[in-house]
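A.B. asks: next one to model:
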Amino acid sequence: MRVDVFYRKMSPKTQAWIDVLGGLLFLLPVSVLLYYLSVDYVASSWAIRERSNEGTGIPFVYLLKTLLLILPVALIGQGVAEILKNILFIAGVGGSHTPEKVEPI
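C.D. replies: Just a heads-up that it's a prediction; the model follows:
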């Protein structure tokens, strides 16, 4: 997460560098850690085909827990795409680095 007060005053190349470093130092390691810590938890749920103890509860809890593995994989994919996009922008090969527009509520 970046502090937009400082970030918005920086040049687009500096913003791209911050985005690359943030992705490499925070997003990717946290996503890999989340995946690593979830594997055994999800595997044990699949092994017993975990169901809710409630009569009207969710019948396939193990499928929901599988999302704990899908989320970090999706984050890693998006993180790699954003990092590559910013590296290409920094190298001047292509792409653009435009700040996200936030609409007022």
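
A.B. asks: next one: stretch 35-44 to chain centre, how far?
C.D. replies: Put simply, stretch 35-44 sits 17 Å off its chain's centre (Cα atoms, centre = their mean, to the nearest Å).

A.B. asks: likewise stretch 26-42?
C.D. replies: Counting by Cα atoms, centre = their mean, stretch 26-42 comes out at 11 Å from the chain centroid.

A.B. asks: again, but for stretch 50-70
C.D. replies: 23 Å.

A.B. asks: ok, residues contacting it?
C.D. replies: 34-35, 38-39, 41-42, 45-46, 48-49 (Cβ atoms under 8 Å, 6 or more residues apart in numbering). Backbone N, C-alpha and C define where each C-beta goes, glycine included.

A.B. asks: host element of Gly95?
C.D. replies: Remark: Gly95 resides in no helix or strand, with elements defined by DSSP states H and E.

A.B. asks: is there a quick ChimeraX command that grabs whichever of the contacts of stretch 50-70 are buried?
C.D. replies: Applying 16 or more other Cβ atoms under 10 Å to the contacts of stretch 50-70, the buried members can be selected in ChimeraX as follows:
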select :34,35,38,42,45
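
A.B. asks: tell me which two of the contacts of stretch 50-70 sit farthest apart.
C.D. replies: Between any two of the contacts of stretch 50-70, the greatest separation by Cβ to Cβ is 23.5 Å, found for Leu34 and Arg49.

A.B. asks: got JSON lines for the contacts of stretch 50-70, with distance to Phe60, secondary structure and pLDDT too?
C.D. replies: Supplementary listing: the contacts of stretch 50-70 in JSON lines, determined by distance: Cβ to Cβ, whole Å; DSSP: H, G, I helix; E, B strand; the rest coil; pLDDT from 0 to 100:
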{"residue": "Leu34", "distance to Phe60": "22", "secondary structure": "helix", "pLDDT": "97"}
{"residue": "Tyr35", "distance to Phe60": "21", "secondary structure": "helix", "pLDDT": "98"}
{"residue": "Ser38", "distance to Phe60": "17", "secondary structure": "helix", "pLDDT": "97"}
{"residue": "Val39", "distance to Phe60": "19", "secondary structure": "helix", "pLDDT": "97"}
{"residue": "Tyr41", "distance to Phe60": "16", "secondary structure": "helix", "pLDDT": "96"}
{"residue": "Val42", "distance to Phe60": "13", "secondary structure": "helix", "pLDDT": "96"}
{"residue": "Ser45", "distance to Phe60": "10", "secondary structure": "helix", "pLDDT": "94"}
{"residue": "Trp46", "distance to Phe60": "10", "secondary structure": "helix", "pLDDT": "94"}
{"residue": "Ile48", "distance to Phe60": "12", "secondary structure": "coil", "pLDDT": "93"}
{"residue": "Arg49", "distance to Phe60": "8", "secondary structure": "coil", "pLDDT": "89"}
